[in-house]
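In: sharing a model that was predicted from the sequence below.
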Amino acid sequence: MHALVYTGTQELVYREEKNPKIINGESIVKVSASGICGSDMHAYHGKDNRRIPPLILGHEISGTIDKGKFAGKKVILNPLITCGKCNYCKNGREHLCGKRIILGMNKPIERQGGFAEYVSIPDQNIYELPKTLEIKEAPIAEPTAVALHAVELGEKKIYESLKNSKVLVIGGGAIGLLSGLILSKVKNCKEIVIVDPNEKRLGECSKYLDADAVKPDSKSIISDNFDIVFDTVGMEVTRQQAIKAVKPGGIIIHIGLTQPSGSFDFRKATLQEVTFIGTYCYTNKDFEKTLDILANKKIGSLDWIEYRKLKDGFGAFKDIHNGTCISPKIILLVN
């Protein structure tokens, strides 16, 4: 099969690879589309010790079952593979399973990803494609589930309702835009500010999201002004912006992990009782709710997605790296 293989820091090669072999309890999926995630970019930059080259990246995947229990069905994949036996899995918190792995990783266990013509996946991670969702759009389900999980974590903790809260979203990438769309269109939040240094990216977000789209130095970002802040970037500078902007008693939802260390104003966090919540992936229930959101067009048009061919994937990674990609999400089409 053809695959886009991560071979080293800022190196990707489109080449022939061995087809995955079917094993008991799994299916082989003929991949139609696979999205580029921020974590794929971390690997591309050589900053992810769970993704060691050579490796086929990609975990936001849609396709058709080629071999297995549901042969011929068009599907969306939940790439988060868990043990199903631990207390976390039994209590609906599968994303915290100590044995969790994800497609497109090789630490602690190798699972080749979806930047290829075929991928193998456990049957319990397969969901039928809703009839109202195009197969090329379907990889957006995975990052939408990430955003939904983050928003609902904040919703459980916030003092006021989200509808009556002032919200800051840091980052205009896919997770930032999707968080904003869920806040606005699903949770009916009326006061949203989204911030990103890329003016063209902000313009693209503004076409689809009812929010004040501003650059980081904007006067709209007032200290102690936001009930809840979503940091979808996860750099030292964005965490500093988040703690400065959040109100006393407010909440910071930390989704991004671009820069995992750095300084933070713990004095304000302590004296003003700011709640800091890290969030990772999503539960199976979140994924199912996401499919309903997408199937029923609850977050509106997905025309902000850009599509490119898998064989041209190296160029897509370069454009994201160089900041020349305007779209919040690129999905690679296999055929």
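Out: That came through, no problem. Residues are numbered from 1 along each chain as shown.
In: now stretch 84-92 - C-alpha only, CSV.
Out: These are the backbone C-alpha positions of stretch 84-92, laid out as CSV (Å, rounded to 0.1, in the frame of the first residue of the first chain):
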residue,chain,number,x,y,z
GLY,A,84,-12.0,-2.2,28.5
LYS,A,85,-11.3,-3.9,31.8
CYS,A,86,-9.9,-1.3,34.3
ASN,A,87,-12.0,0.9,36.6
TYR,A,88,-11.7,3.9,34.3
CYS,A,89,-13.0,1.9,31.3
LYS,A,90,-15.8,0.3,33.3
ASN,A,91,-16.9,3.7,34.6
GLY,A,92,-17.0,5.5,31.3
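In: can you pull the buried residues of it?
Out: 86, 88-89 (16 or more other C-beta atoms under 10 Å). In this view, the C-beta of every residue, glycine as well, is placed from N, C-alpha and C.
In: what's the answer for stretch 17-35, then?
Out: 17, 20, 26-35.
In: and that stretch, how far out from the chain's middle?
Out: The chain centroid and the centroid of stretch 17-35 are separated by 21 Å under C-alpha atoms, centre = their mean, to the nearest Å.
In: what about it, average pLDDT?
Out: The predicted model assigns stretch 17-35 a mean pLDDT of 96.
In: quote the end-to-end distance of that stretch.
Out: End-to-end distance for stretch 17-35: 20 Å, by C-alpha to C-alpha, to the nearest Å.
In: what is the nearest of the buried residues of stretch 84-92 to residue 277?
Out: Of all the buried residues of stretch 84-92, residue 277 sits closest to residue 88, with 17.1 Å by C-beta to C-beta.
In: I figured residue 218 was touching residue 197, is that so?
Out: No. With contact defined as C-beta atoms under 8 Å, residue 218 does not count as touching residue 197 (10.7 Å).
In: thinking again about what came up before, now, the most widely separated pair of the buried residues of stretch 17-35?
Out: Within the buried residues of stretch 17-35, 26 and 35 form the most distant pair, 21.7 Å apart (C-beta to C-beta).
In: just the strands in the stretch 1-150 of the chain please.
Out: With strands called from DSSP state E, counting those that start in this stretch, the stretch 1-150 of the chain shows them at 2-8, 11-16, 26-35, 55-56, 60-67, 74-77, 80-81, 101-102, 118-122, 126-128.
In: which one of those lies closest to residue 250?
Out: Between these, strand 80-81 lies closest to residue 250; by C-beta to C-beta that is 29.4 Å.
In: can you list the strands that that closest one pairs with?
Out: strand 101-102 (antiparallel) (DSSP bridges).
In: just the strands in the stretch 201-335 of the chain please.
Out: Using DSSP E, counting those that start in this stretch, the strands of the stretch 201-335 of the chain run over 212-214, 226-231, 246-254, 275-278, 305-309, 329-333.
In: can you redo those as a markdown table with mean neighbour count and mean pLDDT?
Out: Below are the strands of the stretch 201-335 of the chain laid out as a markdown table (neighbours: other C-beta atoms under 10 Å; pLDDT from 0 to 100):
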| stretch | mean neighbour count | mean pLDDT |
| --- | --- | --- |
| strand 212-214 | 19 | 96 |
| strand 226-231 | 27 | 98 |
| strand 246-254 | 21 | 98 |
| strand 275-278 | 15 | 97 |
| strand 305-309 | 16 | 98 |
| strand 329-333 | 22 | 98 |
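In: so what's residue 111 up against?
Out: By C-beta atoms under 8 Å, 6 or more residues apart in numbering, the contact list for residue 111 reads 81, 101-105.
In: name the nearest of those relative to residue 315.
Out: So of these, ranked by how close each gets to residue 315 (C-beta to C-beta), first place is residue 104, at 19.3 Å.
In: hmm, residue 121 and that closest one touching each other?
Out: No. The criterion here is C-beta under 8 Å, and residue 104 misses it with residue 121 at 11.5 Å.
In: the more surrounded of those two?
Out: residue 104 (28 against 24; other C-beta atoms under 10 Å).
In: by neighbours, which of the contacts of residue 111 wins?
Out: Neighbour counts for these peak at residue 104, which has 28 neighbours (criterion: other C-beta under 10 Å).
In: once you drop chain neighbours, what's closest to that residue?
Out: Excluding its sequence neighbours, the residue lying closest to residue 104 (C-beta to C-beta, 6 or more residues apart in numbering) is residue 113, at 2.7 Å.
In: look at that neighbour and say how many residues are nearby.
Out: Residue 113: 29 surrounding residues under other C-beta under 10 Å.
In: give me the pLDDT for it.
Out: Looking at residue 113, the pLDDT reads 97.
In: got it, and residue 160?
Out: On the pLDDT scale, residue 160 gets 84.
In: who touches it in this structure?
Out: residue 227.
In: give me the distance between residue 105 and residue 27.
Out: Distance, residue 105 to residue 27, using C-beta to C-beta, to the nearest Å: 19 Å.
In: sorry, back to before: now do the shared contacts for residue 104 and residue 121.
Out: By C-beta under 8 Å, 6+ apart, the residues touching both residue 104 and residue 121 are residue 79.
In: rewinding a little: how about the contacts of residue 111, which pair is most distant?
Out: The widest separation within these (C-beta to C-beta) is 11.3 Å, between 81 and 104.
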